[in-house]
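Engineer: quick one, what's the 3D model for this:
(2 chains)
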Amino acid sequence: DTGVSQDPRHKITKRGQNVTFRCDPISEHNRLYWYRQTLGQGPEFLTYFQNEAQLEKSRLLSDRFSAERPKGSFSTLEIQRTEQGDSAMYLCASSLHTDTQYFGPGTRLTVL
Amino acid sequence: GQQLNQSPQSMFIQEGEDVSMNCTSSSIFNTWLWYKQEPGEGPVLLIALYKAGELTSNGRLTAQFGITRKDSFLNISASIPSDVGIYFCAGQHPNTGNQFYFGTGTSLTVIP
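Structural biologist: Residues are numbered from 1 along each chain as shown, chains lettered A, B, ... in the order given. Coordinates of the predicted model:
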């Protein structure tokens, strides 16, 4: 088991473009979380999946953001019409039944 | 959202010294987690706490779940240069499902 993986590690895009990030959780972890982290701050919760069902969404998740976990394994986070304020580290975490979350290395997004 | 206050914001210590940091909340939490994050990486789980008063160790690290359920403490004994990083607490509030709230972090610098 190699832990939570995220792809890409870095993404630079122009304002207005769409971007998609992928997260592969630890095998057999049924829970998957997305967070956003800006410089000097702790991670902020975006959304949570249990298996394929998206059970919770933060108010931070505007309608330009959408997340999926179609088969209950990997997940994707898409940001449409990116804005400069979307620049951040996007972190994925997974857990198995309990609340102990293990994070991936993150995807650093820079919107020019 | 819930506010978690971490203190101190930053620490500069000599190698070999002990370190103490804490995290406080205005609300009670069910679970406290402590993470360490290094630049460009995701947070790495250090210790998980599930019951008020619980004291748990992981090597040179010891964390406690405060009796009031509104705080948690992390101690590092005999610090070494590789302890450098940002330490985050995260708490789960009983009324907000699977959301974890993170503090703003304590930045630790260890001087050899």
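Engineer: what distance separates stretch B:104-112 from the centre of its chain?
Structural biologist: The chain centre lies 12 Å from the centre of stretch B:104-112; the measure is C-alpha atoms, centre = their mean, to the nearest Å.
Engineer: try stretch B:56-66
Structural biologist: Counting by C-alpha atoms, centre = their mean, stretch B:56-66 comes out at 9 Å from the chain centroid.
Engineer: for that stretch, buried residues please.
Structural biologist: Neighbour-count burial for stretch B:56-66 flags B:T56, B:L61, B:T62, B:A63, B:Q64, B:F65, B:G66 (criterion: 16 or more other C-beta atoms under 10 Å in any protein chain shown). Placement of C-beta: from N, CA and C, glycine included.
Engineer: where does pLDDT dip in the chain?
Structural biologist: Just going to use chain A. A:1, A:98 (pLDDT under 70).
Engineer: actually, chain B is the one I wanted.
Structural biologist: B:1-2.
Engineer: spell out which residues of it are next to chain A.
Structural biologist: Selection of chain B residues close to chain A by C-beta under 8 Å from any C-beta of the partner chain yields B:1, B:4, B:30-31, B:33, B:35, B:40-45, B:48, B:88, B:90, B:92, B:97-105.
Engineer: cutoff 6 Å now
Structural biologist: Those residues of chain B that sit near chain A, judged by C-beta under 6 Å from any C-beta of the partner chain, are B:31, B:41-43, B:45, B:48, B:88, B:92, B:97-99, B:102-105.
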